[in-house]
Each structure stands twice: as structure tokens, then as C-alpha cells.
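> Here is a sequence together with a model predicted from it:
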Amino acid sequence: MSNGYSPAGKSPNIDLIMLAYALRRSAAVIPTLFLLVTASFFLIRLAPGGPFDTEHGLPRAIKANLEAAYGLDKPLIVQYGRYLEGLLHGELGPSLKMRDSDVSELIARGFPVSATLGAAAVAVALLAGIPLGIGAALRRDSTLDHLALGYAVLGLALPSFVVGPFLALAFGVHLHWFAVAGWHLDVAHLVLPIVTLALPIAAQLARLMRASLLETLQADFIRTARAKGLPEAQVILRHALRPALLPVVSYLGPAVAAIVTGSLVVESVFGLPGTGRYLVQGAIDRDYPLVMGMVILYGALTLIANLLADLIHGWLDPRVRHG
Amino acid sequence: MADALAVELGSWARTWSRLRRSRSARVATVALCAIALLAILGPLWSRFPYDRLDWQHIAAPPLTSAHWLGTDRLGRDLYVRTLYGVRLSLAIGLTASVVSVLIGVAWGATAGFIGGRVDSVMMRIVDVLNSLPYLFLVIAFTTVFGRGNPYALFAAIGAVGWITMARIVRAQALSLRRRLFIEAAVASGAHTPRILARHIVPNVLGPVAVYAALTVPQMILFESFLSFLGLGVQEPSASLGTLIHDGAEQMGSAPWLLIVPASLLVALLLGFNLLGDGLRDALDPRDQTGLSLGP
């Protein structure tokens, strides 16, 4: 993968090329987001049943009034046009089930919680996974390497909805070190959710980092660097690490997607007031605007993460930005 | 063609013998077979149906009553319910990966072999699907078909699982396209569907087998995840996901309700992952880094 890579020499207009690449790549996000909005709008509406179907059934007149009030009696294509128009003004519409709230208010209430958890989990995963992967690659077949590999395999087989309850059982219920549930900005309440989210991502990062560094260390330019007598530390830091980071950077997009899905579980296991429950509850209730708002929020997050990964990729590897 | 076939068969035999030498793959295979047998036959040995409420034994711990692994808060037999969950997991894992192999191979081989505009349109569709988190697609699908319908769940999970498969097969087909034996087939007048079926598909089976093996645990995980959130299997049916969800709610007073289904799920996931890793190493012994198929 990184064979034939050589660190870029400083070219005079490298910033310009990078800027053009960044613009080209960012422009592709908008049509994708538009497709996402369109596809999910119509898919959600395909489903039989609606938000005002209750167990006992509302009187027909009341149901018709409710649907008229929310514009749900109009043809689907008109509703779609209205939704897009609102979206351009930054409006996500009212929630159909939580009657007193706009979708944007609900998101504004829950998102800080989810974002804090997610950002902290990514940071913990990077700080744990990358050094572990590097250490394992540099000391191949050592105890550290075997531990890292074992952890990487286990990480794939231990889903967050198993890890979360077990951590809560061990450290909350039995040892009383941390809180089992609830949201406060202190160590006792934050450690278990963050660790639950970070563990599988750190495992994947360690696995990728190890594999990629091992492969890079076999490349010709590393042999050259060693042959010209550079100290090993410099070979690793200046020559091997940068290309070896490429596959790890590509994992940023999937990692954010993993955080998003993980946060649904973690928020439900630890009873946290984040945005995850809105997606699930919205889907069950057919609360169309709420589900759409969540799809747009999480879709945009994933797209931005992928964009960021591509930009870092382009910055690290000149072949990408010239492509 | 005869030569190519001989090489192909030879390499399959070699792969098989390498796979048998891998200790972790052997252990995983034995464990998976044991779990599958237990899931199929196990419920027959118990006299409790999975949905029978036993008011005499509510939340009974394991080995304290006629219920071997105890009961849940409604007095339902945990042993039988867990095995039903395993049955569902195995069925979902296998069918969803078969579906994703069928769609993925057809899509990827066609795009890669025909190339040009067809390829770019087909792969753009894959890119868009790939940029959406799986979860939304599946939530959309399950709301379309109604929650709790297991067949809808099978279809939904299989329908989103083929994307990576299509990419892998396309990359392989692109590189095969320029090979001499394909050129010879084209020159001898074979039609595109025939070339795809006879020459392209058999030559991409190796990576497809590896990825299919690694898809099974992903699909099992996905079903449990959806059921855990309440979007998958509904009461009174049992899935490992719903069992873990219920177990987590009562872990303080009845930890066995969490421990039993969680350990079976982890065993299944671990087994299939180790088997997939073993298969990958056996197919490509030069590649020791585990990078060839991505994460």
C-alpha cells in the first residue's frame, strides 16, 4: 500500500494544490447530503402507519385536523418541497410526539451530551490505540504484541451493549467505584460510558496501526534510511510513521460512525440524556421530523468525518491531492 | 481453461490444508459446531417451551429448580430462550451473508468487468450508500416492513451488507479484465454474462469467501444490536440482543440473565472472527499484516 512512498519535497505551490483538493472534496459533500435527505424522506414515508395511529384509535375528525395542522394531508411531493424549503432556512420542523418542542430544540438539548461523550471517546481511543499499535509493531512477537493482538481480536467480539452492562455490573454495582447511570460532568459518571465507547475503537486502531507500520517497515525507502546510517528512532519518527498513518486516518470515518451507533447503546445503558434515544424513539413513533433531523445530524457528522479523513490523507500523501 | 481450473483446484486444496493447520481456526470451528448443535437440538431436551410463564419459579437462579439456567422475571426458561436466540443469530448471520454475497458479487463483477460509464454509475450508488451509516438504512427498512418481522430483518440486514463485498469484487474484476484468458474468452466470442459467470466469478471466490466469513459475525452483531435497542425481534420471541437488554436491566438482582446470553453472543462473534481470520491467512500466506481486506 505505501510501497514507493517518499516524503514530499517542499514544492512552491503545495498550499494551492492542497486548497484546490480541499475545495473539490468539500463540494462533493453537498450533493451526498441532499441525496441522503431525499432518500430518507421518502423511505420513512413508505412505511405503513403514521404518527397519529394510537392503540385505541383517534376519532377520524381529530386525526384529520392533526394531519392538516402539520401539513401531512398534502401530497408527498408538496411536503417534500416544504421540508427542503424549511431546511434551507435552518428549520427542522416541530416534533410530532413531543408536542411542545421543535426538533432543533431537542437536538440542542441532547447534542452537547452526545458530543462530549463522543469526542472524549475518540480522544481516549487515539491515545490508547495508536501507541499500543506502534509498540506492538516495533516489538513484534513480544508479550506486548501478543496482548495487543488478543485485545484487537477480542475488541471485534465484544459489542458495546455487552461491555457496557458488564462494566456497570463490575465497577458500579459490585465495586462502587463509578456511578451506574446518570449524567453529571464528573469522573464518576463519565468514566464508564467513555471507556465503553472507546474500547472497540481503540482495538481497531491498534490493529490497523500495527499492521500498517509492519508493512511500511519492509518498504525500500526504510531500508535506504537505515542503510545511510540513520538512528532507528529517526527512521521510525521521520520516515516510517507518516505513511504508516494513512490507513489509520482512513478509519476516522468508520470510527465516527461507530461512535454514533455506540452512543445509542451507551446512552440507553447508562441512562444519559443524549440524542441517541431520539432516533430510536422517533423511528418507533413514526415521528417523521424527529427521525429526519437525526438522520441529517448523524449523516452530516459521518460525511464531515469522511471529508476530514480525506483531507488529512491528501496532506499526508501527495499522490492523493494530485489525483 | 483446463489449466486455470487445475491451478484453482490445487490452490483450494492447499488453502484447506493450511486452514486445518491453524490452531485458532480449528478451535473456532469445533466450538461453533458445538454451539450450533446445541442450538438445534438443545431445546428438544427441555420440557419448557420458550414462552411458557412459570409463576412458581420467577427469576430463579441457575441450578435451583427444574430450569437448568434459571428463569427471567416472568418465569420463562433461560436455557431454552437463549438457545432460541442463538438459532436466530445463526439463521440471520448465514442468510444475510448469503444475500450480501449474491448481490455484492453480481454488482461488483458487472461494474468491474463492463467498466466505463456503467462502472462509474454503479460505484457512485455504492459510494452514496456507503456514506450513510448502516443503521439508518436498516431503521428505514424495518419501519417500512414493520417492526418485529424477522424476514424483514433478514432482508434489511442483507440488503445493506453487500456494499463492501461489491467493492472488493469490483477491484478484483478490474484487474482480471486485462488478463490474457479473459481476452481469449472475448476473442472466442463468449457473451458478457457467460464471461462473468465462467471466468470472472470463479476467480474472485477466494476474497469473497474470506469476506463472507467475516460478514457472518457482523450480521449477527447487527441483529442483536437492533433487538437490543427494541427495533428488531419483539416479545415473546427471544434474540440474544433482547435477552441482553432484559438482563442488563436486572443485572444487580439476577446477573445470570445478563451473563448467559452475553457469553454465548461473544463466543459466536469470537468464533466466526477467528475462522474468518484463519481463512484469510490460509488464502494468502504472504500477507501477515491483515491489511489486505481492510478492517
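Now that the structure is in, tell me what you want to look at. Numbers count the residues shown, from 1 in each chain, chains lettered A, B, ... in the order given.

> Quick check: residue A:259 vs residue B:32, distance?
For residue A:259, the distance to residue B:32 equals 30 Å [C-beta to C-beta, to the nearest Å]. The C-beta positions use only the backbone N, C-alpha and C, and glycine is treated the same way.

> neighbour count winner among these two?
Between residue A:259 and residue B:32, counted using other C-beta atoms under 10 Å in any protein chain shown, the more crowded position is residue A:259 (25 against 19).

> Please name the nearest non-neighbouring residue to the more buried one.
residue A:118 (4.5 Å; C-beta to C-beta, 6 or more residues apart in numbering or on different chains).

> and that neighbour, what helix or strand is that in?
Element membership of residue A:118, judged by DSSP states H and E, is helix A:103-138.

> likewise residue B:100?
Short version: residue B:100 belongs to helix B:78-114, going by DSSP H and E.

> which of the residues in that helix are buried?
For helix B:78-114, the neighbour count (16 or more other C-beta atoms under 10 Å in any protein chain shown) marks B:78-90, B:92-97, B:99-101, B:103-113 as buried.

> can you list contacts of the helix or strand following that helix?
Sequence order places helix B:116-131 as the next helix or strand after helix B:78-114, per DSSP H and E. With contacts defined as C-beta atoms under 8 Å, 6 or more residues apart in numbering or on different chains, helix B:116-131 is touched by A:32, A:35-36, A:299, A:302-303, A:306, B:107, B:110-112, B:137, B:160, B:163-164, B:166-167, B:170.

> quick one on the thing from earlier: OK, contacts around the residue nearest to residue A:259?
Counting by C-beta under 8 Å, 6+ apart, residue A:118 touches A:197, A:256, A:259-260, A:263.

> tell me the centre residue of chain B?
residue B:216 (1.5 Å; C-alpha atoms, centre = their mean).

> Next, see if the host helix or strand of it gets close to chain A.
Taking DSSP H and E as the definition, residue B:216 sits inside helix B:205-229. Yes. Using C-beta under 8 Å from any C-beta of the partner chain, helix B:205-229 reaches chain A at B:217, B:221, B:224-225, B:228-229.

> elements contacting that helix?
Applying 3 or more C-beta pairs under 8 Å, 6 or more residues apart in numbering or on different chains; DSSP states H and E, we find helix B:205-229 packed against helix A:160-167, helix A:252-269, helix B:78-114, helix B:134-145, helix B:150-177, helix B:240-249, helix B:256-283.

> Distance to residue A:189 and mean pLDDT added to those helices, as CSV?
CSV is the format used below for those (distance: least, C-beta to C-beta, whole Å; pLDDT from 0 to 100):
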stretch, distance to residue A:189, mean pLDDT
helix A:160-167, 13, 86
helix A:252-269, 12, 82
helix B:78-114, 31, 86
helix B:134-145, 26, 66
helix B:150-177, 34, 78
helix B:240-249, 18, 87
helix B:256-283, 21, 87
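
> Which among those is found nearest to residue A:126?
Distance to residue A:126, taken as C-beta to C-beta, is lowest for helix A:252-269 among the helices and strands packed on helix B:205-229, at 9.1 Å.

> Compute the distance between residue B:24 and chain A, please.
From residue B:24 across to chain A, the span is 9 Å (C-beta to the nearest C-beta, to the nearest Å).

> Checking residue B:189 next. Helix, strand or coil?
coil (DSSP: H, G, I helix; E, B strand; the rest coil).

> neighbours around it, how many?
The tally of other residues near residue B:189 (other C-beta under 10 Å) stands at 7.

> how much space between it and residue B:118?
Distance from residue B:189 to residue B:118, by C-beta to C-beta: 21 Å.

> ok so, going back, for the helix holding residue B:100, packing partners?
Here helix B:78-114 touches helix B:23-45, helix B:116-131, helix B:150-177, helix B:192-195, helix B:205-229, helix B:240-249, helix B:256-283, going by 3+ C-beta pairs under 8 Å, 6+ apart.

> Tabulate these (TSV), appending distance to residue A:107.
Listed next are these as TSV, based on distance: least, C-beta to C-beta, whole Å:
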stretch	distance to residue A:107
helix B:23-45	42
helix B:116-131	21
helix B:150-177	25
helix B:192-195	49
helix B:205-229	19
helix B:240-249	25
helix B:256-283	32
